[in-house]
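**Student:** model this:
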Amino acid sequence: MKSMDVGLACSEDSDYFYHVTPDEVDELVAALQQARNPNLTIEPFPQHAGTAVYALTFTDPAVPRDRKKGVFVARPHAHEPAGVAACTELAKLLAGYGPRPEADAEWRAHVLKRFVLTLVPDVNPGGSRRAPVKFWTGTQIPREQFKLWMFGESGGTPGERFPRVDTWDMRKVTPPKLLGIAYEQINEHEFVEPNRDHRSTLFRSFFALDPTWHYELWLDLHQTEFANSDRNCSVHLSSAHDTLPVDLQRGHEQAARAILAQWSRAGARPVAEPVVSYRHDEVQRNFLAKAWLPISSRMVHTVTEVQNHNPATPPAEQVRLQLIAVLAALDWLDGQA
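**Tutor:** Numbering: from 1, shown residues only. Next comes the predicted model:
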C-alpha cells in the first residue's frame, strides 16, 4: 500500500475548508449518515454537557475480521485542532469525498479490506466549543494567554495557570477564572483531562468499541508549541515504556520510527528519536501510567506531537503532518505479520 500517494491537496490550498469545530464535525457526520455508506459505522457517545462524540469506523464488512487489523485514532485535547482536521480529512477520503476520489479509489479499497479503522475526531466537543479560534496560528493570541486557554486560569491568583491534574472537583478547589478547554466535564462538579482518566469519553468510546473490533494500534494526535526549538513534530512513547517487555517496547518503537521516517521524507523537522513522555517528571508520568499501562501492555500506543500556535507551522501544514503520521502508521501495521 502506498498511503503517501493519496490526495492531500488540502495542504497546498490556504482556502481549503477543514471540518474542525463541533458544528462542522456534526455537519460532516450528518452528511456521512445520509450517504448510508455500507463501509461506515457511526456511533455517538454523549458527553455530560449534551454534546455528542462520534466514532467513525471504516471497514469492508465482506472481509472477515481475522483478515484485518484494528486501528483506533483520536484527538484527545480540545486546544489541538489539527488532529480533528486530520481525522475528518481521512473520513472524507474513505467515504469518497476527497479532493480526487477516483484517483484514491485503489487506496481506499485496500484500507477498507485490510483494516478496521476507527476515527474519533473530537473526544471533547464540549471543550472545543469554548475555544476562541478554529486553529491556533501563533499570531492572534499571546503564548501566555494561550496557555491559560489550554488548562485554565487560577481563580485565586489572576494570570496564574490552573494546576494541571488528571481530575478535579469544582467543590474542592477554587473554581478557575477561565475554564481550560482541555478539560472534559463528566458530571455536575467533576472535570477530567481526557487522556488521563478512564471516565472520559475518549476512554469510554474505546472500551465500548474494543470488544467488537479488537484494536491492535492506538494513535493519539496531539500538538505542542515546540517553544525554543527548531523541530516541528515528534512521536512519543508511553510514559511506562521502560517497564514493558522488550518485545512490546520494540513494537512501539518501530511504529514511532515509521512515522518519523515519513515526516522526514515529507520535509518536516521531527525530533530524531521517539520520546518517552515525562521520563523526568514523576507526577505527570504517574498520571499517564495509571491510565495507559493496561493498554500499552497489550497493544501498540503511539502519540504524535505536531507544532501548534506557531507561525512556523501554519494550520494546513499542521494537518498535513498529522495525516502523514496516520498514513505512516497504517503502512507500518500493514507490513506486520
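
**Student:** Give the residue spans of the stretch 101-250 of the chain that score low on pLDDT.
**Tutor:** For the stretch 101-250 of the chain, the stretches with pLDDT under 70 are 101, 103.

**Student:** how about the strands in it?
**Tutor:** 115-120, 167-169, 184-185, 190-192, 217-224, 233-237 (DSSP state E, counting those that start in this stretch).

**Student:** Tabulate the ones you listed (a markdown table), appending distance to Ile295 and mean neighbour count.
**Tutor:** (Glycine included, C-beta is placed from N, CA and C.) Converted to a markdown table, the strands of the stretch 101-250 of the chain look like this (distance: least, C-beta to C-beta, whole Å; neighbours: other C-beta atoms under 10 Å):
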| stretch | distance to Ile295 | mean neighbour count |
| --- | --- | --- |
| strand 115-120 | 14 | 26 |
| strand 167-169 | 18 | 16 |
| strand 184-185 | 18 | 24 |
| strand 190-192 | 16 | 23 |
| strand 217-224 | 7 | 23 |
| strand 233-237 | 13 | 25 |
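
**Student:** out of the ones you listed, nearest to Leu28?
**Tutor:** Nearest to Leu28, of all the strands of the stretch 101-250 of the chain, is strand 115-120, at 11.0 Å by C-beta to C-beta.

**Student:** List the pairing partners of the closest one within its sheet, with orientation.
**Tutor:** Applying DSSP bridges, strand 115-120 is found paired with strand 52-58 (antiparallel), strand 69-74 (parallel).

**Student:** And the ones you listed: which comes nearest Ile181?
**Tutor:** strand 52-58 (15.1 Å).

**Student:** mean confidence for the closest one?
**Tutor:** Strand 52-58 carries an average pLDDT of 98.

**Student:** How far does it sit from its chain's centre?
**Tutor:** Put simply, strand 52-58 sits 13 Å off its chain's centre (C-alpha atoms, centre = their mean, to the nearest Å).

**Student:** residues in contact with the helix or strand hosting Asp23?
**Tutor:** Element membership of Asp23, judged by DSSP states H and E, is helix 22-35. Helix 22-35 is contacted from outside by 18-19, 40, 42, 51-52, 54, 56, 84, 88, 91-92, 95, 121-122, 125, 128-129, using C-beta atoms under 8 Å, 6 or more residues apart in numbering.

**Student:** and if we set it to 7 Å?
**Tutor:** Residues outside helix 22-35 that contact it (C-beta atoms under 7 Å, 6 or more residues apart in numbering): 19, 40, 42, 51, 54, 84, 88, 91, 95, 121-122, 125, 128-129.

**Student:** Could you identify the buried members of those?
**Tutor:** His19, Leu40, Thr51, Tyr54, Val84, Thr88, Ala91, Ala95, Pro121, Asp122, Pro125, Ser128 (16 or more other C-beta atoms under 10 Å).

**Student:** Would you check that Phe146 makes contact with Thr137?
**Tutor:** No - counting by C-beta atoms under 7 Å, Phe146 does not reach Thr137; the two are 10.5 Å apart.

**Student:** picking up where we left off before, now the helix holding Asp23: how far from the chain's centre is it?
**Tutor:** With C-alpha atoms, centre = their mean, you get 19 Å for helix 22-35.

**Student:** Also compute the angle for it relative to strand 52-58, please.
**Tutor:** 40 degrees (axes from the mean of the first three to the mean of the last three C-alpha atoms, to 10 degrees).

**Student:** Okay, now the sheet partners of whatever helix or strand comes next after helix 22-35, with direction.
**Tutor:** For helix 22-35, the following helix or strand on the C-terminal side (DSSP H and E) is strand 40-46. Using DSSP bridges, the strands paired with strand 40-46 are strand 52-58 (antiparallel).

**Student:** Touching the strand it pairs with from outside, list them.
**Tutor:** Contacts for strand 52-58 (C-beta under 7 Å, 6+ apart): 25, 29, 39-47, 91, 94, 112, 116-120, 122-123, 125, 201, 205, 209, 213.

**Student:** what residues are up against Ala82?
**Tutor:** Gln223, Val306, Pro315, Gln318, Val319, Gln322.

**Student:** State the pLDDT value of it.
**Tutor:** 98.

**Student:** And it, how close does it get to Ala291?
**Tutor:** 23 Å (C-beta to C-beta, to the nearest Å).

**Student:** how near is the nearest residue to Gly70 once chain neighbours are set aside to Ile295?
**Tutor:** Counting by C-beta to C-beta, 6 or more residues apart in numbering, Tyr215 is the residue found nearest to Gly70 once chain neighbours are left out, at 3.9 Å. Tyr215 sits 9 Å away from Ile295, taking C-beta to C-beta as the criterion.

**Student:** Output the buried ones among the contacts of helix 22-35 as a markdown table; include the columns distance to Leu219.
**Tutor:** Shown next, in a markdown table, are the buried ones among the contacts of helix 22-35 (distance: C-beta to C-beta, whole Å):
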| residue | distance to Leu219 |
| --- | --- |
| His19 | 19 |
| Leu40 | 19 |
| Thr51 | 23 |
| Tyr54 | 17 |
| Val84 | 14 |
| Thr88 | 15 |
| Ala91 | 15 |
| Ala95 | 20 |
| Pro121 | 13 |
| Asp122 | 15 |
| Pro125 | 20 |
| Ser128 | 19 |
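
**Student:** What separation is there between Leu90 and Gln318?
**Tutor:** Distance, Leu90 to Gln318, by C-beta to C-beta: 15 Å.
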